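Engineer: Have a look at this prediction, sequence included:
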Amino acid sequence: MKADTHPNYHDVKVTCSCGNNFTTRSTMAKDVYHIEVCSECHPFWTGKQKIVDTAGRVERFRQKYGR
């Protein structure tokens, strides 16, 4: 086998915008990684749906498709 062909696999601290922190392992060069959505705040996992209406896009969609 060739030496030094595999990337460095190390612990990475992940911080979500909701404040949740956890540690995982990755080959990323960073030791700290910031994310916007995690399993603690994602609507699929929490069962709570949040609609963020940017410039009336949701309303235009509902008018266009009859909802």
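Structural biologist: Here it is on my side, so go on. Numbering: from 1, shown residues only.
Engineer: Kindly export the longest helix along the chain (C-alpha atoms) in CSV.
Structural biologist: If you go by DSSP state H, the chain has its longest helix at helix 57-64. Extracted C-alpha coordinates of helix 57-64, given in CSV (Å, rounded to 0.1, in the frame of the first residue of the first chain):
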residue,chain,number,x,y,z
ARG,A,57,-43.1,34.0,-2.7
VAL,A,58,-45.4,31.7,-0.8
GLU,A,59,-48.5,33.9,-1.5
ARG,A,60,-47.6,34.1,-5.2
PHE,A,61,-47.2,30.3,-5.3
ARG,A,62,-50.6,29.8,-3.6
GLN,A,63,-52.3,32.2,-6.0
LYS,A,64,-50.7,30.6,-9.1
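Engineer: That one: which residues count as buried?
Structural biologist: By neighbour count with 16 or more other Cβ atoms under 10 Å, helix 57-64 contains no buried residues. For the C-beta atoms, the positions are set from N, CA and C on the backbone; glycine is no exception.
Engineer: what packs against that helix?
Structural biologist: Of the remaining helices and strands, none touches helix 57-64 by 3 or more Cβ pairs under 8 Å, 6 or more residues apart in numbering; DSSP states H and E.
Engineer: what does the average pLDDT come to for that helix?
Structural biologist: Summarised as a single mean, pLDDT over helix 57-64 is 82.
Engineer: where's the residue most central in space within the chain relative to Cys16, distance?
Structural biologist: The residue lying closest to the centre of the chain (Cα atoms, centre = their mean) is Val37, at 3.7 Å. According to Cβ to Cβ, to the nearest Å, Val37 stands 7 Å off from Cys16.
Engineer: just Lys2 next, same as before
Structural biologist: Lys2 is 38 Å from Cys16, where distance means Cβ to Cβ.
Engineer: out of these two, which sits in the busier spot?
Structural biologist: Taking other Cβ atoms under 10 Å, Lys2 and Cys16 do not tie; Cys16 has more neighbours (18 against 5).
Engineer: pretty sure that one contacts Tyr33?
Structural biologist: No: between Cys16 and Tyr33 there is no contact under Cβ atoms under 8 Å: 9.9 Å.
Engineer: how about the helices in the chain?
Structural biologist: With DSSP H as the criterion, the chain has helices spanning 43-46, 57-64.
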